[in-house]
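Engineer: Got a predicted structure here, sequence first:
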Amino acid sequence: MHAVILAGGKGVRLRPYTTALPKPLVPIGDQHAILEIVLRQLAAAGFTGCTIAIGHLGEIIRAYVGDGSQWGMAVDYATEESPLGTMGPLLTMRERLPESFLVMNGDILTDLDYADVLRQHRDSGAPLTIATYARKVHIDFGVLTTQAGRVVGFTEKPSMDYRVSMGVYGLSRKTLDGYTPGLPLGFDELVLDLLKTPNLPHAYDFDGYWLDIGRPDDYDRANAEFTTRKSLLLKGA
């Protein structure tokens, strides 16, 4: 099994932690970078190959990970010369990717079964599988429903339930057909294009542990929780 890790972003929301380090290499706990945890998890799940899309401070990632042999994986790299969006980097490496593969952000802390995501993607026949997580959004205001200048409904500080994308995907190489290498391609653009077709994306619903380390608050929470979650996150890794 093969995975692509997207690690080319500047990590602007996580500054100042990302001033000198790329976001996937910020430390979690006393011993591990996020990217190391992800690579160990992938290896434990049976992934033998990985391509890391690098950009901002990418040479530091390359020096840290090397060829991946320390985790029993074959790791290579694709360099993003200019921002290409979430899916754009895949277009430049398309020809060296297998028929189906896993794609994920490099700043995710989760106990998701990556192999099962890819397995379900292959079995579904869908062009794209999106790992999803339940999130509740609280509105701190009274919400009005209006109609032709009249208030016809009112709900006091409601909560709304959504399923959000976890930043982990199963993808088929042929799904990228028709897009131009070197041009940006966002996750939103790809999904909206697929929603216009008869073969819709597949949802992989997950209710375990998931934390997207995008902001300082998320990073602080990851460090606070890692000690108690370590055995779960590095199970078998």
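Structural biologist: In hand now; what should we look at?

Engineer: Can you show me the helices along this structure?
Structural biologist: Using DSSP state H, the helices of the chain run over 34-44, 58-65, 88-92, 114-124, 187-194, 216-233.

Engineer: Can you tell me the number of residues neighbouring the closest residue to residue 143 other than its chain neighbours?
Structural biologist: Of all residues not flanking residue 143 in the chain, residue 155 sits nearest, at 4.9 Å (C-beta to C-beta, 6 or more residues apart in numbering). The way it works is simple: take the backbone N, C-alpha and C, and place the C-beta from them, glycine included. Using other C-beta atoms under 10 Å, the number of residues around residue 155 comes to 12.

Engineer: ok, now residue 96?
Structural biologist: There are 11 residues near residue 96, going by other C-beta under 10 Å.

Engineer: where's it relative to residue 22, distance?
Structural biologist: 23 Å (C-beta to C-beta, to the nearest Å).

Engineer: again with residue 195
Structural biologist: 32 Å.

Engineer: So for the two, which residue has more residues nearby?
Structural biologist: Taking neighbours as other C-beta under 10 Å, residue 195 and residue 22 compare with residue 22 leading, 26 against 9.

Engineer: can you tell me how far the closest residue to the more buried one other than its chain neighbours sits from residue 134?
Structural biologist: Using C-beta to C-beta, 6+ apart and skipping the chain neighbours, the partner closest in space to residue 22 is residue 57 (4.1 Å). According to C-beta to C-beta, residue 57 stands 34 Å off from residue 134.

Engineer: Which residue of the two possesses the greater neighbour count?
Structural biologist: More crowded of residue 57 and residue 134, by other C-beta under 10 Å: residue 57, with 20 against 12.

Engineer: Contact partners for residue 70?
Structural biologist: Residue 70 sits next to no residue when contact means C-beta atoms under 8 Å, 6 or more residues apart in numbering.

Engineer: on that earlier part again, in a markdown table: the helices of the chain, plus mean pLDDT and mean neighbour count.
Structural biologist: Below are the helices of the chain laid out as a markdown table (pLDDT from 0 to 100; neighbours: other C-beta atoms under 10 Å):
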| stretch | mean pLDDT | mean neighbour count |
| --- | --- | --- |
| helix 34-44 | 94 | 22 |
| helix 58-65 | 92 | 17 |
| helix 88-92 | 94 | 23 |
| helix 114-124 | 97 | 18 |
| helix 187-194 | 96 | 16 |
| helix 216-233 | 84 | 14 |
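
Engineer: Below-threshold pLDDT in the protein: ranges please.
Structural biologist: Residue ranges of the chain with pLDDT under 70: 11-12, 14, 17, 236-237.

Engineer: where exactly do the strands run in it?
Structural biologist: 2-7, 27-28, 32-33, 49-54, 74-79, 100-105, 108-110, 128-138, 142-147, 150-156, 159-172, 202-206, 210-212 (DSSP state E).

Engineer: which parts of the longest one are buried?
Structural biologist: For strand 159-172, burial by neighbour count (16 or more other C-beta atoms under 10 Å) applies to 165, 166, 167, 168, 169, 170, 171, 172.
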